[in-house]
Structure formats: structure tokens, C-alpha cells
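> one predicted model, sequence on top.
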Amino acid sequence: LFLAGRNAAWYGAEFTVAALVVATVVVLSAVIWWSAALLGRLDAERRRADAATRRLNAELERRVTERTAELAAANRELEAFASSISHDLSGPVQTVDGFAAALQQECGPSLGDAGLDHVRRIRAAAQHMGLLMEALLELSRLTRAEMKREDVDLSAMAASIGAELAGREPGRTVELRIAP
């Protein structure tokens, strides 16, 4: 139409330029409007996502606080249990060790080698039980302290445990292969 109108001299070149400018403005306006609408939708989506993230963070924070309180309560219960068990058992264990020591002193020669070995093993077990109870108490106290990292020689620890177990059961033959 523009070319036909210009060739037929219906209107001048200025009109054609003006029409092109108006068409360009209309197209650009449509693009701007479409972009603005798209940006508005994207912004609304972002706001919804931000609100959902805030809700999820609040829920997570609530759960962490709740779990932390539950863990603290469980640790207190564990510490009370360990303390109670340790104190309740320490008396009987000391009594067993004391009676075994008295038996060893008073009746030692009449017990024979096997009897003395049994009494020695009873005393060793009672003393080991006392050490375990002390370790249990110490462990319950450690749950309140900050953890410290340190190097541990696991080979030496395994060798020590193996020697202790071999001493408890001298009749058993066990082969341990411990890496150096």
C-alpha cells in the first residue's frame, strides 16, 4: 500500500517515514508490554519462591531447634542413667573384688593353682568392671565437652586388646594379624 501510494503520489515521503516510525513504535510498545508482562510474572514467581523458601527455612529452623532440645534431653537422661548404673553397680563390684581378695588371702594355699587362677580371674574381671563403669561415667561427661581430635595408634590399641583377651582365655589359641 505504501509503495503503491507513493508511486501514485497519494502522499509524500514524509508520510511514509512517519508511518514507519509509528509502526516501529507500535511494535516496540508491544514488545515492551510483552516484556513487562513477562517480567511481572517472573517477579511474582520469584516472590512466591522466596516466600516458600522463607517458610521452609522457618520450618527447618523449628525442626532443628526441636531436635536439639530432644538431643539435649536424651543426653541428660543418658548421663543420669550412666551415673545411676555406675553408682548402683560400683558397690557390688567392689564387694565381689573384696571377697575374692579375702578368699585369696585366707584360703590361698588350700585352693590350689586352679582355684587361685579362678580367684585371680574373678578379681581381674571385677576390677575391669570397675574401670568400665568409670569409663561409662567419663563418656557421659564427655558428651557435654567439646570434642578434641588427636591421632590414635590403632595397631597398638588392637595389640593391647588382643593381649588382654588372650590373658583372659589362656587355653584358647588365637592368631591376630595387626598391621604395623
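That came through, no problem.
> how much space between the closest residue to residue 168 other than its chain neighbours and residue 174?
What sits nearest to residue 168 in space, not counting adjacent residues and going by CB to CB, 6 or more residues apart in numbering, is residue 121, at 7.2 Å. Quick note: C-beta positions are derived from backbone N, CA and C, even for glycine. According to CB to CB, to the nearest Å, residue 121 and residue 174 sit 17 Å apart.
> more neighbours: which of the two?
residue 121 (15 against 8; other CB atoms under 10 Å).
> roughly how far apart are the more buried one and residue 102?
Distance, residue 121 to residue 102, using CB to CB: 16 Å.
> and the longest helix out of those in the chain, average pLDDT?
Assignment by DSSP state H gives helix 13-142 as the longest helix of the chain. The pLDDT scores in helix 13-142 average 87.
> so residue 174, which of the three states?
Look at residue 174: counting by DSSP: H, G, I helix; E, B strand; the rest coil, its state is coil.
> can I assume residue 159 is in contact with residue 179?
No - counting by CB atoms under 8 Å, residue 159 sits too far from residue 179 to count as a contact (10.5 Å).
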